[in-house]
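1. Here's a sequence, model it:
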Amino acid sequence: MTHLRSRSGNVTHVMQGQLYISQTPGESLTCILGSCVAACVHDPALRIGGMNHFLLPGRDPHDTGSVRYGARSMEALIDALLHKGADRQRLNVWLFGGANVLGTQTGIGAANSAFAVDFTRAQGLTLRGSDLGGTRGRRVHFTPATGDPRVDYMQSDGIDDPIAGPLGAPGVELF
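-> All right, here's what the predicted structure looks like:
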């Protein structure tokens, strides 16, 4: 992870195969996604949240416990929040990424997206919103203490126009 400090607060960049939780006011988490998926999870009562960034769906076939795989990454993020006192019944989840940015037939982005949605539902968690699929990468910003996500679409030459419209739930702010 890369931690940056700015006038507007701390920014932590969550890299592939990582996760991070925080309840520090003013701290922001960010990641850049192509076919990878990030889950942003928040407990509004404790004002704590976190983000993961996984590369592959399901479980590690070699059972190394790597958070590069969706199952371990999602479990580890939720467990870390529960360990800090979050309540599973209060957890709100937003899912992002899963694009086919290279235009290939591998389907990894679609598989990551389907896994994340299925896992969230199977765990009985509240899916507040999602922005999955498509052909363009995304830059995701998440404020763990408030549970506010923001998404910008990317182009090969940098950030493009931000997405327009709701992500499926009130309280999601788009710029």
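2. How far off centre is the host helix or strand of Leu82?
-> Leu82 belongs to helix 70-83 when elements are defined using DSSP states H and E. Average the C-alpha atoms of helix 70-83, do the same for its chain, and the two points are 12 Å apart (CA atoms, centre = their mean, to the nearest Å).
3. What ranges does the chain have for its strands?
-> 2-6, 9-13, 18-22, 28-33, 37-43, 48-53, 92-97, 126-132, 138-143, 148-155, 158-162 (DSSP state E).
4. mind checking which of these is nearest Gly103?
-> strand 148-155 (14.0 Å; CB to CB). No exception for glycine: its C-beta is placed from N, CA and C like everyone else's.
5. Let me see the mean pLDDT of the closest one.
-> Averaging pLDDT along strand 148-155 gives 92.
6. Give me the buried positions along that strand.
-> By 16 or more other CB atoms under 10 Å, the buried positions in strand 148-155 come out as Asp148, Pro149, Arg150, Val151, Asp152, Tyr153, Met154.
7. That strand - contacts with which helices or strands?
-> strand 92-97, strand 138-143, strand 158-162 (3 or more CB pairs under 8 Å, 6 or more residues apart in numbering; DSSP states H and E).
8. Run the chain-centre distance for stretch 52-63.
-> 14 Å.
9. Show the end-to-end separation of it, please.
-> Separation of the first and last residues of stretch 52-63 by CA to CA, to the nearest Å is 19 Å.
10. and it, which residues are buried?
-> Asn52, His53, Phe54, Leu55, Leu56, Pro57.
11. In TSV: those, plus pLDDT and distance to Thr106.
-> Formatted as TSV, those follow (pLDDT from 0 to 100; distance: CB to CB, whole Å):
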residue	pLDDT	distance to Thr106
Asn52	98	21
His53	98	19
Phe54	97	16
Leu55	95	12
Leu56	94	11
Pro57	94	12
